[in-house]
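**Q** Fold the following and give me the result.
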Amino acid sequence: MNLQEIKEKAQAFGLQGIGKMRKAELVRGIQQAEGNTACYGADWRNSCGELDCCWRADCLKEKSL
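**A** A predicted model of the protein is given here:
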């Protein structure tokens, strides 16, 4: 998912201040709005058991936040 698509999804969830947020902040906001743990880019991501997470591939690429 590219940044514009992420911003659109965040907007659909009603997140505020989207234009000033970084990708990781947007994704964590979406995760929280979905009722999930806001864990995108967490230090423990390499041992994450959420194999079906739609953010997993991007999350594993993220540098430590």
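
**Q** what residue of this structure is the furthest out?
**A** S47 (16.9 Å; Cα atoms, centre = their mean).

**Q** what's the closest non-adjacent residue to K9?
**A** Of all residues not flanking K9 in the chain, I30 sits nearest, at 5.7 Å (Cβ to Cβ, 6 or more residues apart in numbering). For glycine as for every other residue, the C-beta is placed from the backbone atoms N, C-alpha and C.

**Q** who touches that neighbour in this structure?
**A** The neighbours of I30, taking Cβ atoms under 8 Å, 6 or more residues apart in numbering as the test, are I6, K9, A10, F13, L15.

**Q** Let me see the residues that make contact with the helix or strand where the third one lies.
**A** Using DSSP states H and E, the element containing A10 is helix 3-12. Outside helix 3-12, the residues within contact range by Cβ under 8 Å, 6+ apart are M1, I18, G19, M21, K23, L26, V27, G29, I30.

**Q** Thanks a lot, see you next time.
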